[in-house]
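Asks: Sequence first, then the predicted structure, then my questions.
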Amino acid sequence: MKMKVLVLGGAGAVCSETTRDLARYSKFDEITVADHDLEAAKKLIEEIGDPRLSSVEFDANKYDSMVKLFPGHDVVISGLPCEYDLAVTRACAETGVNGLDVATEEDQWSYDAVAKEKDMIYIPGVGATPGITNAMAKHAVNQMDEVDEIQINFAAFRCPAPAPGLLVTFLWEFNPKTDTRFYVKNGEKIKVGPFEGLKKVDYKGEIGVQEVCYIPHPETRTMPKSLGVKNVSVHGCFPPQAMNLARTMLAWGLFDEEPFTYKGVETNACDMMLELLLRSPRTKETPIWGYGLVLEVFGKKDGKKLKIKLWTEHPPMSEWGGKAAYYKNIAIPLSIGAQMIARGDVSVRGVVPPELAIDPEIFFDELKIRGIKVLEETEWI
């Protein structure tokens, strides 16, 4: 029986690298690239030159098209902007097709019961963070008898607006109205504002030491329940010039969503900034592309306190395709996750976070083959 995978947004900035990885490493018999830009999909397929690849025009705004397209595939990979995550999860649950994506929308979990009934798996958040970070945390937790705290730190080194969806994500990270920006202390959610909790983290390599702050990533929402830990935090940063942009917007009230009329059109400051930044050549540039992840997990083993530190390394951008040195860190986990589902390496069913669905040892081995190393040190404290 032929194994088939469908890649939504498969010719986009992120998932074009997922498509490349599937062509290079997977055993899928058919790899379908679904994209609103059919010409871009065809160009990518021609460039890769794998006969298993085919393309289909896809409009993510038409839910019925998902329900018609998904059946017959073993796994659906979504590289679409996060605003489509809920619709993709719903369509996978409705059609009984396995799936995964790079972000997490809170309402996705509501399809858990339906997914279990359909004997299928959907994994939200299989990128770098969430994604690799979840596997790193699970790996550390597996070595402890008790877990007290998980500290997650990331450095997403890319320009602010390489694609519309990635600019939206960047602005969401620092919007003062983002209500999922919190850390968990003693089981309680502590809400924080943009640029709070500043500290410095050494990511080594080209990224080096960077100042990070609290970022509203979903690990703080899933790990307290899934891993039984009462203290979870996520700190992160983008390149310094991107952080300066976010600070300036915040200082000048440019995240404001209060409506006003400009030349007969109702808009707001945040939407106008989005359009301006999408059009600015400077938001498409940054000197270093890459991704750094550092986790510190505190707990006990045999009655003794210990800290397990994990971090990632990948080839420099000069060796890893320039901008691809950032995108691969998100795209490769999607490809690996899909292959693990297809091979039967994922046994759980339902809508499940990565730390409960993905075996970290298998995941790390696959990452290493592709150039992403997860390194580790243990310290008794």
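Replies: That came through fine.
Asks: got the residue ranges for the strands in the stretch 151-300 of the chain?
Replies: 182-185, 188-191, 199-202, 209-214, 232-237, 260-262, 265-267, 290-301 (DSSP state E, counting those that start in this stretch).
Asks: What residues of the helix ranked longest in the chain count as buried?
Replies: If you go by DSSP state H, the chain has its longest helix at helix 324-343. Neighbour-count burial for helix 324-343, counted by 16 or more other CB atoms under 10 Å, picks out 324-342. (Each C-beta comes from the backbone N, C-alpha and C, glycine too.)
Asks: Please apply the same query to stretch 52-65.
Replies: By 16+ other CB under 10 Å, the buried positions in stretch 52-65 come out as 52-53, 55, 58, 60, 65.
Asks: out of the residues you listed, which are inside strands?
Replies: 53, 55 (DSSP state E).
Asks: the domain parsing of this structure - what is it?
Replies: Each domain of the chain is listed here as a residue range: 4-124, 132-323+372-380, per automatic domain parsing.
Asks: on that earlier part again, got the strands of the stretch 151-300 of the chain as a markdown table, with distance to residue 252, mean pLDDT and mean neighbour count columns?
Replies: Formatted as a markdown table, the strands of the stretch 151-300 of the chain follow (distance: least, CB to CB, whole Å; pLDDT from 0 to 100; neighbours: other CB atoms under 10 Å):
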| stretch | distance to residue 252 | mean pLDDT | mean neighbour count |
| --- | --- | --- | --- |
| strand 182-185 | 25 | 98 | 19 |
| strand 188-191 | 23 | 98 | 13 |
| strand 199-202 | 25 | 98 | 14 |
| strand 209-214 | 18 | 98 | 19 |
| strand 232-237 | 21 | 98 | 24 |
| strand 260-262 | 15 | 95 | 9 |
| strand 265-267 | 17 | 95 | 11 |
| strand 290-301 | 29 | 98 | 22 |
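Asks: for stretch 320-327, how far is the first residue from the last?
Replies: Taking CA to CA, to the nearest Å, stretch 320-327 runs 10 Å from one end to the other.
Asks: Excluding its own residues, what touches stretch 12-26? List them.
Replies: By CB atoms under 8 Å, 6 or more residues apart in numbering, the surrounding residues in contact with stretch 12-26 are 5, 7-11, 28, 31, 33, 35, 44, 48, 50, 52-53, 77, 79, 102, 162-163, 165-166, 324, 327-328, 330-332, 334-336, 338-339, 342, 366, 369-370.
Asks: distance of the nearest residue to residue 72 once chain neighbours are set aside from residue 194?
Replies: Excluding its sequence neighbours, the residue lying closest to residue 72 (CB to CB, 6 or more residues apart in numbering) is residue 4, at 6.4 Å. According to CB to CB, to the nearest Å, residue 4 and residue 194 sit 43 Å apart.
Asks: same question, residue 36
Replies: Separation of residue 36 from residue 194 (CB to CB): 32 Å.
Asks: Between these two, point out the one with more neighbours.
Replies: Counted by other CB atoms under 10 Å, residue 36 and residue 194 do not tie: residue 194 has more neighbours, with 19 against 16.
Asks: wait, isn't that one in contact with residue 248?
Replies: No: if you go by CB atoms under 8 Å, residue 194 and residue 248 don't touch, sitting 11.9 Å apart.
Asks: re earlier: redo the buried residues of stretch 52-65 as JSON lines? Include pLDDT.
Replies: Formatted as JSON lines, those follow (pLDDT from 0 to 100):
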{"residue": "52", "pLDDT": "98"}
{"residue": "53", "pLDDT": "98"}
{"residue": "55", "pLDDT": "98"}
{"residue": "58", "pLDDT": "95"}
{"residue": "60", "pLDDT": "95"}
{"residue": "65", "pLDDT": "93"}
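Asks: Identify, from the buried residues of stretch 52-65, the entry nearest to residue 107.
Replies: residue 60 (16.9 Å; CB to CB).
Asks: Any figure for the gap between the closest one and residue 249?
Replies: 28 Å.
Asks: Could you do residue 138 as well?
Replies: 36 Å.
Asks: Compare the two and say which is more crowded by neighbours.
Replies: residue 138 (23 against 20).
Asks: With adjacent residues omitted, what lies nearest to that one?
Replies: residue 355 is the one closest to residue 138 (CB to CB, 6+ apart), at 4.4 Å.
Asks: Residues contacting the one helix or strand that neighbour maps to, please?
Replies: With elements taken from DSSP states H and E, the one containing residue 355 is helix 354-357. Applying CB under 8 Å, 6+ apart, the external contacts of helix 354-357 come out as 121, 123, 125-126, 130-131, 134-135, 137-138, 222-223, 226-227, 337, 346, 348.
Asks: Please consider this matter closed, and thank you.
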